[in-house]
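1. when you get a sec, could you give me coordinates for this:
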Amino acid sequence: MLPKIAALALSVACVPVVPALAQTTAYAVGQGSPNQITLSIPVTASVGGRCGFAAGSAPSGTYNQPDFDVIGLNHDFSFALECTGPSRVAVVSTNGGLKTGGSAPTGYTTLAPYDVTLNLVGSSTTANQTCQVATLVTGSTCTFLGPASTTQGLRLASNSISQTGTYLRVSAPPYAAPAQLVAGNYADTLTVTVSASP
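-> Purely as a prediction, here's the structure:
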């Protein structure tokens with residue numbers, strides 16, 4: 001019997017940040033006494049939420065698990081956020097499961113399901129949810145189905161500046177009948193995105 005090997009890869013994307021407005025001061029200098037005039041100009045400015053992955057701490061890496069049908073899966077991809085306010089993190093799966101090529105005879109399958117857990121840690125709050133990977137493809141439903149936007153993704157209600165404890169976990173128990181997996185190398189790619197969420 002050929003071994004079954006699972007491989008997962010992670011990729012990262014960030015939502016662009018809008019630049020903040022600048023402040024201007026004006027001075028008037030005259031001759032004689034008085035030799036200057038103070039000009040008061042009310043200035044209103046705001047700084048929008050800035051959000052991305054902390055430098056050197058974006059979710060990345062691969063996970064290879066031989067004989068995952070017998071052993072199961074369990075691996076964390078740690079990362080850290082760099083968000084000055086509330087944020088949303090979202091995930092998309094390329095295959096909706098661990099997939100191998102070829103066809104499956106009756107009673108076998110070429111697509112292995114697994115769970116994806118997203119755990120976010122902020123300065124004063126946390127957010128955690130688990131979805132089946134099949135719900136992380138376009139058109140499916142999961143709270144953190146990506147790509148992330150101001151309204152889409154798992155929401156962390158506080159800022160998070162290089163906090164520890166944020167991770168994406170892939171997990172599955174050993175696979176059992178009735179759907180046996182055909183021998184082969186199985187793979188999926190998860191893409192993680194982040195956005196500010198006012």
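2. CA atoms for contacts and neighbours, from now on please.
-> OK.
3. in this structure, which helix or strand is least confident?
-> Ranked by mean pLDDT, DSSP states H and E, the weakest helix or strand in the chain is strand 27-29, scoring a mean of 51.
4. please export the C-alpha coordinates of the strand ranked longest in the chain as CSV.
-> Assignment by DSSP state E gives strand 184-196 as the longest strand of the chain. Output in CSV follows, covering the C-alpha atoms of strand 184-196 (Å, rounded to 0.1, in the frame of the first residue of the first chain):
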residue,chain,number,x,y,z
GLY,A,184,-1.4,9.4,-3.3
ASN,A,185,-0.1,12.8,-2.3
TYR,A,186,-2.8,15.2,-1.1
ALA,A,187,-2.5,19.0,-1.0
ASP,A,188,-4.4,22.2,-0.4
THR,A,189,-3.4,25.9,-0.1
LEU,A,190,-4.9,28.3,2.4
THR,A,191,-4.7,32.0,1.7
VAL,A,192,-5.0,34.4,4.7
THR,A,193,-6.0,38.1,4.4
VAL,A,194,-6.4,40.9,6.9
SER,A,195,-8.3,44.2,6.8
ALA,A,196,-9.1,47.0,9.2
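5. which helices and strands does it pack with?
-> Applying 3 or more Cα pairs under 8 Å, 6 or more residues apart in numbering; DSSP states H and E, one finds that strand 184-196 makes contact with strand 4-14, strand 51-53, strand 87-93, strand 98-99.
6. got the angle between it and strand 87-93?
-> Interaxial angle of strand 184-196 relative to strand 87-93 (axes from the mean of the first three to the mean of the last three Cα atoms, to 10 degrees): 160 degrees.
7. give me the buried positions along strand 184-196.
-> Within strand 184-196, the residues scored as buried using 16 or more other Cα atoms under 10 Å are 184-196.
8. would you mind putting these into JSON lines with pLDDT and distance to Ser103 alongside?
-> As requested, the buried residues of strand 184-196 are exported to JSON lines (pLDDT from 0 to 100; distance: Cα to Cα, whole Å):
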{"residue": "Gly184", "pLDDT": "90", "distance to Ser103": "11"}
{"residue": "Asn185", "pLDDT": "94", "distance to Ser103": "13"}
{"residue": "Tyr186", "pLDDT": "95", "distance to Ser103": "13"}
{"residue": "Ala187", "pLDDT": "96", "distance to Ser103": "15"}
{"residue": "Asp188", "pLDDT": "97", "distance to Ser103": "17"}
{"residue": "Thr189", "pLDDT": "96", "distance to Ser103": "21"}
{"residue": "Leu190", "pLDDT": "96", "distance to Ser103": "24"}
{"residue": "Thr191", "pLDDT": "96", "distance to Ser103": "26"}
{"residue": "Val192", "pLDDT": "97", "distance to Ser103": "30"}
{"residue": "Thr193", "pLDDT": "97", "distance to Ser103": "33"}
{"residue": "Val194", "pLDDT": "97", "distance to Ser103": "36"}
{"residue": "Ser195", "pLDDT": "96", "distance to Ser103": "39"}
{"residue": "Ala196", "pLDDT": "94", "distance to Ser103": "43"}
